[in-house]
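Peer 1: whatever this is, show me its structure:
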Amino acid sequence: MIKSSDLDPNFKYEIANEPGGENIKLCFNCTGCTVGCPVTEIDTGYNPRKILRKALLGMRNEVLTDESLWLCASCYLCYERCPQDVKITEVMGAIRAIAQRDAKAGKIKITHPKHKFDTLFINSVKSNGKWYEAGVSGMFMFMTKGLGGVIGYAPMGLELFKKGKLSILPHRIKGTNEIKNIFKEIEK
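Peer 2: Numbers count the residues shown, from 1 in each chain. Below you'll find the model as predicted:
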């Protein structure tokens, strides 16, 4: 049951003001995004149309804490299917950005592990100018599967290292300070 007292009528505007969320209000819930989504073939609980509908209705807490929010594979197939040019993949990113900010502020708790990966990835880019595969992957395995997970993936990491596909130490690129400054500006 939906209670009007639980709704946030400004949530859609908050999303629309977020980079990538500008077109959310164009959605008229035609289901094109869901019908074409490959993730729905794997997880029938994932439904981008429902996430957008709940967001438009103002179901802020329910949307931001929905684990399926993190399942979007960013394949952009929904772009092709959407007659309204909602840019659903970008809207999902905008909603996830709001969720991450709310989680950081202690307003909600995100339990899906993709949030952890995204945070590690962004912090790696901030530090090195690009992502540090071994560090991010190893830390993600440790955070989600413990020491056993790290040990379990070690043989694959060793093979990637032998083939020159994985570096043990991070490589910093030129302009790392400029990248750090970009993040500082974005986070203001």
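Peer 1: going forward, measure contacts between C-alpha atoms and count neighbours the same way
Peer 2: Fine.
Peer 1: show me where this structure has helices.
Peer 2: 11-17, 32-35, 39-42, 48-57, 60-64, 77-81, 88-104, 113-128, 133-162, 176-186 (DSSP state H).
Peer 1: start and end of stretch 167-180, how far apart?
Peer 2: Stretch 167-180 has an end-to-end distance of 22 Å (criterion: CA to CA, to the nearest Å).
Peer 1: average pLDDT for it?
Peer 2: Taken as a whole, stretch 167-180 carries a mean pLDDT of 85.
Peer 1: what are the buried residues along it?
Peer 2: Neighbour counts over stretch 167-180 (16 or more other CA atoms under 10 Å) mark S167, P170, T176, I179, K180 as buried.
Peer 1: how near is the first one to S137?
Peer 2: Translated: S167. From S167 to S137 the distance is 12 Å (CA to CA).
Peer 1: and what of the third one?
Peer 2: T176 sits 21 Å away from S137, going by CA to CA.
Peer 1: quick one: end-to-end length of stretch 77-97, please.
Peer 2: For stretch 77-97, the end-to-end distance is 21 Å (CA to CA).
Peer 1: actually stretch 35-55, sorry about that
Peer 2: 19 Å.
Peer 1: show me what that stretch is in contact with.
Peer 2: 11-12, 24, 27, 29-31, 33-34, 60, 62-63, 68-69, 71-73, 77-78, 81, 88 (CA atoms under 8 Å, 6 or more residues apart in numbering).
Peer 1: could I get the average pLDDT for it?
Peer 2: 92.
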